[in-house]
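Chemist: structure here, sequence nowhere to be found:
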Ligand code: UDP
Ligand code: MG
């Protein structure tokens, strides 16, 4: 059964361009409730750990550099069928392939600097949320 939560990050490129407000508005307008949120910066070590699943992929080193290059916004979002619904809202990994009206279509500039993260499964949503937030930082 699908859980009601997913995890997102507004990535360094989007934070730097002052897109936080616009992206959060799209998230709220799509019916997601923010139950945890944090403005923070990943160290190289924590970015490396977060993206551990991509360790063998050729872009891993650059991804870790990029994700630790500036502040991010991390958040846990709630909505029915949250993981799948949020993947639809963010659009394809490569903004060139992202559908009209998706966050990546509007705000992403490249396949790496693609504005937002979205969990790809309920299991990973839980792991990723727990990576960034303690139980007493989540307000359901
Ligand atoms: N990425 C990249 N080059 C690629 C594919 C992915 O730099 O060829 C980056 C990009 O920032 C992406 C992240 O690695 O969001 C994780 O990749 P994944 O395939 O999980 O895409 P996502 O789930 O974010 O759409
Ligand atoms: Mg992914």
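Modeler: Yes, it's here. These figures come from a predicted structure and were not determined experimentally. Ligands and ions are numbered 1, 2, ... in the order given.

Chemist: residue 77 and residue 37 touch, don't they?
Modeler: No: using CB atoms under 8 Å, residue 77 makes no contact with residue 37, being 9.3 Å away. Using the backbone N, CA and C atoms, a C-beta is placed for each residue, glycine as well.

Chemist: quick one: the strands in this structure?
Modeler: Counting by DSSP state E, the segments of the chain that form strands are 5-10, 33-40, 72-78, 116-118.

Chemist: of residue 77 and residue 37, which one has the most company?
Modeler: residue 77 (28 against 19; other CB atoms under 10 Å).

Chemist: without its sequence neighbours, what residue ends up closest to that one?
Modeler: residue 32 (4.2 Å; CB to CB, 6 or more residues apart in numbering).

Chemist: now do the same contact list for the one you found.
Modeler: Each residue near residue 32 by CB atoms under 8 Å, 6 or more residues apart in numbering is listed here: 77, 78, 79, 82, 85, 86, 89.

Chemist: ok, it to ligand 1 distance?
Modeler: Residue 32 sits 17 Å away from ligand 1, going by CB to the nearest ligand atom, to the nearest Å.

Chemist: what of residue 13?
Modeler: 9 Å.

Chemist: got it, and residue 123?
Modeler: Taking CB to the nearest ligand atom, one finds residue 123 at 14 Å from ligand 1.

Chemist: swap in residue 47?
Modeler: Applying CB to the nearest ligand atom to residue 47 and ligand 1 gives a distance of 11 Å.

Chemist: what of residue 100?
Modeler: 17 Å.

Chemist: residue contacts, the residue lying closest to residue 97 once chain neighbours are set aside?
Modeler: Distances taken as CB to CB, 6+ apart place residue 91 nearest to residue 97, at 7.8 Å, with adjacent residues excluded. Residue 91 is in contact with 97, 98, 99, 102, 103, 104, 105, 108, counting by CB under 8 Å, 6+ apart.
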